[in-house]
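> Sequence and predicted structure, then a few things I'm wondering about:
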Amino acid sequence: MAERAKPRSRAGVFGPVGRRAQAAPLLPGLAILADAVRARLQAWAAEEAAPGRLLIWLAVAFGLGVALYFTAEHEPQLWAAALAFAGASAAVIALRRRGVAVLVALGIAAVAAGFFLATLRASWLDHPILQRTTWRAKLTGFVEVREERARSDRIVVRVHSIEGTRGEKLRRVRVAVRKGTAPPVGSFVALKARLSPPPPPLRPGGYDFARDLYFRDIGAVGFALGKIKPAAVPAPPGLWLRTAAWIDQLRDGIDRRIRLALTGDARAIASALITGKRDAISSTVNNAMYVSSLAHVLSISGYHMAVVAGVVFFLLRALLALSPALAEHYPIKKWSAAVALAAAAFYLVLSGAEVATQRAFVMTAIVLAGVMLDRAALTLRTLAIAALVVMIATPEAIVHPSFQMSFAATLALVAAYERGLPWIISGGRTSLGARVALWGGREIVALVLASLVAGLATTPYAAYHFHRVAPYGVIANLLAMPVVSGFVMPAGLLALVAMPFGFDGPLWRLMGVGIDWMTGVALWTAGLPGAVGRMAAFGVMPLLVATLGLIMLCLLRSALRFAGAALLVLAAVLAVVTPQPDVLVAANGEAVAVRSAVDSRLSVLTNRRRSFAVRDWLAADGDTRPATDPALASGWSCDPVGCIARLADGAVIAMARSPAAFADDCARAALVVTMRDPPSDCRATVIDRAVLQRSGSLALTRAGKGWEITPARTPGEDRPWARAVSGKETRGTASRSRRSAPRDATPARKDLEPGD
């Protein structure tokens, strides 16, 4: 039998080629490098997938789903969100034995859960919102909230009856009243008020007041006209309202005791720390607190809750430890944690239970519960649970600066403790730590590092929301916070305990001494060269990049975390190079700002002496000038019928206040802003009343001979707090659309000021 011929092997320039052929040795270094990279990535992946890491990333995915809800152009359908969540959950069950696949499915399910919960929350709150200004509305209702402010007071009324709103059956309204005339919580009142729809953003990318008020169940804002009168109660108030009235009376009583013992800013700050009332802080001290990065002391949040719980915990535990019988036979540590939890709950109620304070209490409660259950009190898992609890209860919190800043600071501190700070806490284990601890240096170093870490972690959010950076924040916190933590807050807590017995006066005065030190530090820091750090507004993209970088840097364990540092640097670059608009137009047309050709700063024309929009514009532009400065309008030239200003390229911006101005403005100007009806043949781009009613405030950037327009309300946007405005295109809008299409407004967050 003939021998079967062997197949001939095929050969090429790189060696034999076949089903079982080996890789050619021409580039052996690449193969070795590829194997090394693969092995390294597998090792990193194994490290990141260690037990206990899943919960942390599920919290991140849940938050991503909530954030996606707020970026939708129109309101998602509840059934669609529920169906997506159900489908993702079914996929998790189906893939439960598939290793990596089930992890991916879990992440998608967490995103869907966040999206569904946010949609459910908005749907459950669904309430009417005033669509047009009502000049003399008549209403009756219960006062649910009373806020004391610097120049006026403010109340929230749960509406019982209302007239003059064109059919909207509002549930709650917020009304400003004259200073000192706000009725107590729980009273039933009748009043007349000028009511307006919740205000839109003051600039594209600015804080959405309407969204915030919608989730607080408020459908209109305004101010009272005339006297607020008590009225006959149609039905007894419920248990919740009676409790709120008792708490408000308690806060007023404590506030009166503080005001009798202290004066000036010490009195106002002491009341702010204990009761949450901060209406009397002078503008000088208030600004200094912001410049020095000590403003967080004025808003009751995680720091205050931690100090209260910590002081109660350690004092009670020390007292119980004085008895050997108790210390040896009973769990005094758990007892102390339980009492500290009760004290934190009382402080939550006493301080007004604002949203930021509620989040702080949740975090503190989880930590104390860990102590009572003999679990690690402060870990990344604890933080993840706290974030999930807050987002489930109030999904809207994720777009609030206090949520972002408090969790960013806590995340950075916990990550730093787990990786770099233990040597400080247990410094005696090393010769270096022992030497540093001899003079109490360990505590000083820990405080410096904690201030630095928390300050750096919150900088992107402070710059985005408040347009501020604090160059000397670490110095101010290092000098002031030990006094606040170890002297001011303990004195205040002891004063609360002593007040029923009549011995609180000396303790309030001791608290005032510490507050005077803190305000002195703030004023000294604010006077240092370069202390006023301003940051021009930037879009949401740098903030998202910074958030991703912070999450990677803090949550990842492997060397992959250093990619987070690179993302933080990239975010800083993106924020700095963000271009600023050339023209800003207020939603009501009463203010127009033009970037001056002389000094590149905004030149503002406004009909109001105190314009909240102008103040916001200047802050967002990194401009330190006050909104009331008459020199702000120096770039405008006015006559009886209108005003004009010029950009750096010579383009004329006209503000037409009379029909007589249209002849010249339409022929010479590149942009005309007017609240009157423009002629149909106007050659300029026209921003009129109809355009502003649909788009809200506008930011315009010169693009060649045309304009790139960013509206505060994007075309097609229809959310419960920002209903779409129907109507045909106006002549001004048609003129605009032939030149260039508007771009989407950047989603944004809040520019908060104290008392606003």
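In hand now; what should we look at?
> so what's Leu605 bridging to?
Val592 (DSSP bridges).
> Can you tell me the number of residues neighbouring it?
Leu605 is flanked by 21 other residues according to other C-beta atoms under 10 Å. (Glycine included, C-beta is placed from N, CA and C.)
> and if you look at Phe407?
Around Phe407 there are 26 residues (other C-beta under 10 Å).
> hang on, it packs against Leu383?
Yes. The pair Phe407 and Leu383 passes the contact test of C-beta atoms under 8 Å, sitting 7.1 Å apart.
> residues of stretch 270-290 that come out buried?
Residues of stretch 270-290 classed as buried: 270-281, 285-290 (neighbour count, 16 or more other C-beta atoms under 10 Å).
> what's the answer for stretch 73-91, then?
Within stretch 73-91, the residues that qualify as buried are 75-76, 81, 84-85, 88-89, 91, counting by 16+ other C-beta under 10 Å.
> domain assignment for this structure?
Partitioning the chain according to automatic domain parsing yields domains covering residues 51-125, 134-237, 250-534, 540-576, 583-739.
> now the longest one: how far from the chain's centre is it?
Spelled out, that is domain 250-534. 19 Å (C-alpha atoms, centre = their mean, to the nearest Å).
> Could you check how far Ser697 is from Glu418?
Ser697 is 44 Å from Glu418, where distance means C-beta to C-beta, to the nearest Å.
> As TSV, the domains of the chain with distance to Ala34 and mean pLDDT would be great.
What follows is these, written out as TSV (distance: least, C-beta to C-beta, whole Å; pLDDT from 0 to 100):
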stretch	distance to Ala34	mean pLDDT
domain 51-125	21	91
domain 134-237	45	89
domain 250-534	30	82
domain 540-576	18	91
domain 583-739	46	83
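> Out of these, which is closest to Leu30?
For the domains of the chain, distance to Leu30 was read as C-beta to C-beta. The smallest value, 21.9 Å, belongs to domain 540-576.
> circling back: quick one: mark the members of the buried residues of stretch 270-290 that sit in helices.
The subset of the buried residues of stretch 270-290 located in helices under the criterion DSSP state H comprises 270-275, 285-290.
> Of these, which is the nearest to Met511?
Proximity of those to Met511, judged by C-beta to C-beta, is greatest for Ala270, which lies at 5.4 Å.
> Tell me which residues touch the closest one, please.
Under the criterion of C-beta atoms under 8 Å, 6 or more residues apart in numbering, the contact partners of Ala270 comprise 258, 262, 492, 508, 511-512, 515.
> Asp718 now?
Asp718 sits next to 73-75, 724 when contact means C-beta under 8 Å, 6+ apart.
> That one and Pro197, how far apart?
The spacing between Asp718 and Pro197, counted by C-beta to C-beta, is 15 Å.
> And for Thr519?
39 Å.
> can you check Ile653 too?
Distance from Ile653 to Pro197, counting by C-beta to C-beta: 28 Å.
> The two: which has the busier surroundings?
Ile653 (28 against 21).
> Need the contacts of Ala270 in TSV (columns: distance to Leu139 and neighbour count).
Formatted as TSV, the contacts of Ala270 follow (distance: C-beta to C-beta, whole Å; neighbours: other C-beta atoms under 10 Å):
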residue	distance to Leu139	neighbour count
Ile258	34	28
Leu262	38	22
Gly492	39	26
Trp508	39	27
Met511	41	28
Gly512	41	22
Ile515	40	29
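> surely Thr525 meets Ser292?
Yes. Using C-beta under 8 Å, Thr525 and Ser292 qualify as a contacting pair, with a distance of 3.8 Å.
> Mind checking which of those two has more residues around it?
Set Thr525 next to Ser292 and count neighbours by other C-beta under 10 Å: Ser292 wins out with 28 against 24.
> Verify the stated contact: the more buried one with Ala470.
Yes. Applying C-beta under 8 Å, one finds Ser292 in contact with Ala470, separated by 6.5 Å.
> got any residues that touch both of the two?
Shared contacts of Ser292 and Ala470, defined by C-beta under 8 Å, 6+ apart, are found at 476, 531.
> picking that back up, in helices, which of the contacts of Asp718 fall?
Among these, no residue falls in helices (DSSP H).
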